[in-house]
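1. Predicted model and sequence below, questions to follow.
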Amino acid sequence: MPVKPVKENAVEQELVQRVRAAGGVAEKTTVIGQRGFFDRVVVLPGGRVFFIECKRPRGGVLSPHQIERVRRYRSLGAAVAIIRSSGDIDQLLSCSRQI
């Protein structure tokens, strides 16, 4: 029986559930007229703020405008995370414990 690939929305749902369980918020974001804005803004206990782009684990690639947005935000000192798996969520959540 073939294994079903994990979809991006499943990764995003897990992110939201785990961030909430950790006491944080994971707000859905949309910027009107701007392609490629981040999927979520996550605020973790301790005040850590992350711009999050969710992608499916296999084959999920950033588009050119998403790559540019990630580069621009990181160059400004913003924390940006690309979430593809439970392990990526683990790393993100460990950041709130380091403060």
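-> Thanks, I have the structure now.
2. quick one, helices of the protein?
-> Assigned by DSSP state H, the helices in the chain fall at 8-21, 64-75, 86-97.
3. Can you say which of those is nearest to Arg58?
-> helix 8-21 (11.0 Å; CB to CB). All C-beta spots, glycine's among them, are computed from the backbone N, C-alpha and C.
4. one step back: of the helices of the chain, give the one that comes closest to Phe50.
-> Short answer: helix 86-97, nearest of those by CB to CB, at 6.5 Å.
5. which secondary element of the protein has the worst mean pLDDT?
-> Lowest by mean pLDDT, DSSP states H and E among the helices and strands of the chain is helix 86-97, with a mean of 86.
6. What are the contacting residues of that helix?
-> 14-15, 18-19, 22, 24, 42, 44-46, 48, 50, 52, 79, 81-83 (CB atoms under 8 Å, 6 or more residues apart in numbering).
7. Any of those buried? List them.
-> 14-15, 18-19, 22, 24, 42, 44, 48, 50, 52, 81, 83 (16 or more other CB atoms under 10 Å).
8. Most widely separated two among those residues?
-> So, the buried ones among the contacts of helix 86-97 by CB to CB: farthest apart are Glu14 and Arg48, at 18.8 Å.
9. Contacts only, for Ser85.
-> For Ser85, counting by CB under 8 Å, 6+ apart, the contacting residues are Val11, Pro57.
10. thought Ile52 was touching Val43?
-> No. If you go by CB atoms under 8 Å, Ile52 and Val43 don't touch, sitting 10.8 Å apart.
11. Return the distance of the least confident helix or strand of the chain from the chain's centre.
-> Offset of helix 86-97 from its chain centre (CA atoms, centre = their mean, to the nearest Å): 11 Å.
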